[in-house]
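Asks: Predicted model follows, preceded by the sequence.
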Amino acid sequence: MDEPEKVLTVGQAAKLLGVGPKTLSAMIRAGKVPGFRIGERGYWRVRQSDIDNLMDSQKFKPAPPKRKPITPE
């Protein structure tokens with residue numbers, strides 16, 4: 001029997017992609033990232049497979065980690 005596909009919250013997906021939740025929500029609304037709404041309030045959700053596909057493609061690259069500025073001594 002097949003396992004159900006894993007579904008992520010916007011916060012979980014945003015962390016994987018290296019963007020903020022508001023940024024990811026805007027990307028979903030703009031159609032740049034596949035997503036869907038559930039529940040009465042319409043919380044956004046994203047399929048794990050869609051995030052994996054985005055990360056594998058050259059269309060989307062996570063932001064590099066932030067570095068602390070170098071201060072002269």
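Replies: All right, it came through fine. Numbering: from 1, shown residues only.
Asks: got a list of what residue 40 touches?
Replies: Neighbouring residues of residue 40 by CB atoms under 8 Å, 6 or more residues apart in numbering: there are none. In this view, the C-beta of every residue, glycine as well, is placed from N, C-alpha and C.
Asks: And it, how far from residue 17?
Replies: To residue 17, residue 40 is 27 Å away according to CB to CB, to the nearest Å.
Asks: quick one: low-confidence parts of this structure?
Replies: Along the chain, the parts satisfying pLDDT under 70 run over 1, 58-63, 73.
Asks: For residue 12, pull up the helix or strand it's in.
Replies: Counting by DSSP states H and E, the element that carries residue 12 is helix 10-17.
Asks: which secondary structure elements does that helix contact?
Replies: Counting contacts by 3 or more CB pairs under 8 Å, 6 or more residues apart in numbering; DSSP states H and E, helix 10-17 packs against helix 21-29, strand 43-47, helix 48-56.
Asks: can we see that at 6 Å?
Replies: Packing contacts for helix 10-17, counted by 3 or more CB pairs under 6 Å, 6 or more residues apart in numbering; DSSP states H and E, involve helix 21-29.
Asks: and the helix or strand following the helix it packs on, which residues are buried?
Replies: Counting by DSSP H and E, the next helix or strand C-terminal to helix 21-29 is strand 36-38. Within strand 36-38, no residue is scored as buried using 16 or more other CB atoms under 10 Å.
Asks: before we move on, what about stretch 26-35?
Replies: Neighbour count says stretch 26-35 has 27-28, 33, 35 buried, by 16+ other CB under 10 Å.
Asks: do the same with stretch 41-61
Replies: In stretch 41-61, counting by 16+ other CB under 10 Å, buried: 44-47, 50-51, 54, 60.
Asks: Make TSV from those and add distance to residue 5 to it.
Replies: Output for these, formatted as TSV (distance: CB to CB, whole Å):
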residue	distance to residue 5
44	16
45	11
46	11
47	6
50	10
51	11
54	15
60	20
